[in-house]
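[1] what's the 3D shape of this:
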Amino acid sequence: MTAVVTALSNSKAEEAEWALRCDMAAVFRVSARLGWNEQIGNHNSAMIPGDDPLFVINPRGYLFQELRASDLIVCDLEGKVLRGTGELRKVAFHIHARIHLANPKATVVMHVHPQYLTALSMCEGGEFRLSHHNNLLLNDRIVYDTEGYEPVHDNEEGDRIARMLGDKSIMVMGGHGVSVVGPTVADAFDELFIAERTAMYQVTALSTGLPIRELPQRFRRNYTGPWGQRIDARMHLDAWRRVLDREEPDYKT
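    Coordinates of the predicted model:
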């Protein structure tokens with residue numbers, strides 16, 4: 001546990017924050033491997049357990065592949081950096097803080113530009129078809145934003161995004177990328193992972209020029225609860241952490 005946390009008292013709260021930081025750092029490293037982020041842009045945040053409404057997020061200017069648990073900064077919902085070194089990117093604040101504020105269930109917010117979900121966001125009518133088994137669970141959890149015409153630069157736009165997201169967990173942001181929320185790091189990461197894979201299947205299938213099959217509507221799961229209650233999200237993130245423990249162990253320093 002590094003000085004950013006041990007400078008506080010060695011309590012259960014600080015231990016919980018450190019565990020959260022390690023999960024977040026792991027997701028940054030995996031996201032880099034999968035090519036989800038846009039150079040030093042994109043951002044993931046998580047509310048810190050406790051009574052104070054504070055969140056950890058990556059500071060401006062870092063590649064995902066170099067981030068460590070101790071690099072994450074702590075901010076309040078007004079965008080003030082309270083702990084750590086570095087600054088909070090303004091676009092990150094306007095998206096993340098406003099979603100956290102509007103939806104207490106959105107403990108974790110991940111905003112990235114993965115290849116296939118981003119490609120889908122650029123297409124007229126770019127929505128998921130009901131063609132793969134994954135769509136049976138995913139499709140009721142997605143909202144498509146076609147009103148964001150430029151980068152997020154103020155709280156008004158952040159509030160619009162938060163309202164539109166509502167109780168959904170995935171927002172495909174037209175001409176932009178994707179934001180995924182969840183109650184835990186593992187939930188948000190795994191849902192994002194599966195959404196991106198499913199977008200890859202759809203874009204690949206469409207590239208063949210063949211008609212896309214549609215599964216019967218009656219097989220939809222109609223589920224919008226915590227992702228990890230239906231999918232092995234924690235086990236998936238733990239599997240990636242075992243890989244990182246062997247190959248990039250500095251992520252948890």
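
[2] ok, Cys75 - contacts?
    54-57, 81-82, 88, 93, 97 (C-beta atoms under 8 Å, 6 or more residues apart in numbering). C-beta coordinates here come from the backbone N, C-alpha and C atoms, glycine included.

[3] Now do the buried residues in the host helix or strand of it.
    Per DSSP states H and E, Cys75 falls inside strand 73-76. Buried residues in strand 73-76, defined by neighbour count with 16 or more other C-beta atoms under 10 Å: 73-75.

[4] Adjacent strands (with direction) for that strand?
    The strands beside strand 73-76 in its sheet (DSSP bridges) come out as strand 54-57 (antiparallel), strand 81-83 (antiparallel).

[5] got those as TSV, with distance to Gly158, mean neighbour count and mean pLDDT columns?
    Below are the strands paired with strand 73-76 laid out as TSV (distance: least, C-beta to C-beta, whole Å; neighbours: other C-beta atoms under 10 Å; pLDDT from 0 to 100):
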stretch	distance to Gly158	mean neighbour count	mean pLDDT
strand 54-57	14	22	97
strand 81-83	18	14	96
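
[6] possible to save those strands as a markdown table with distance to Gln217?
    As requested, those are arranged in a markdown table below (distance: least, C-beta to C-beta, whole Å):
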| stretch | distance to Gln217 |
| --- | --- |
| strand 54-57 | 38 |
| strand 81-83 | 48 |
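
[7] and of those, who's closest to Asn44?
    With C-beta to C-beta as the criterion, Asn44 lies closest to strand 54-57 of the strands paired with strand 73-76, at 7.0 Å.

[8] Can you give the distance of that closest one from its chain's centre?
    Chain-centre distance of strand 54-57: 13 Å, with C-alpha atoms, centre = their mean, to the nearest Å.

[9] CA-only coordinates of that strand in PDB, if you can.
    Coordinates of each C-alpha in strand 54-57 appear next as PDB, following Å, rounded to 0.1, in the frame of the first residue of the first chain:
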ATOM      1  CA  LEU A  54     -15.400  11.200  -3.400                       C
ATOM      2  CA  PHE A  55     -14.200   9.300  -6.500                       C
ATOM      3  CA  VAL A  56     -10.900   8.000  -7.900                       C
ATOM      4  CA  ILE A  57     -10.100   8.700 -11.500                       C
END
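
[10] And the contacts of it?
    Outside of strand 54-57, the residues within contact range by C-beta under 8 Å, 6+ apart are 17, 20-21, 24, 43-48, 72-77, 82, 88, 92, 96-97, 100.

[11] Counting neighbours, which of the residues you listed end up buried?
    17, 20-21, 24, 43-48, 72-75, 77, 88, 92, 96-97, 100.

[12] Nearest to Gly126, out of the strands paired with strand 73-76?
    Comparing the strands paired with strand 73-76 by C-beta to C-beta, strand 54-57 comes nearest, at 28.0 Å.

[13] what's the helix or strand for Pro49?
    Counting by DSSP H and E, Pro49 is found in no helix or strand.

[14] Which other helices and strands does whichever strand or helix holds His111 contact?
    Using DSSP H and E, His111 maps to strand 108-112. The elements that strand 108-112 packs onto, with contact taken as 3 or more C-beta pairs under 8 Å, 6 or more residues apart in numbering; DSSP states H and E, are strand 43-47, helix 90-102, strand 177-182, helix 185-207.

[15] and the third one, what other elements does it pack with?
    Right, strand 177-182. helix 90-102, strand 108-112, helix 115-121, helix 155-165, strand 170-173, helix 185-207.

[16] returning to that earlier point: quick one: the strand holding His111 to strand 177-182, angle?
    Calculated by axes from the mean of the first three to the mean of the last three C-alpha atoms, to 10 degrees, strand 108-112 forms an angle of 160 degrees with strand 177-182.
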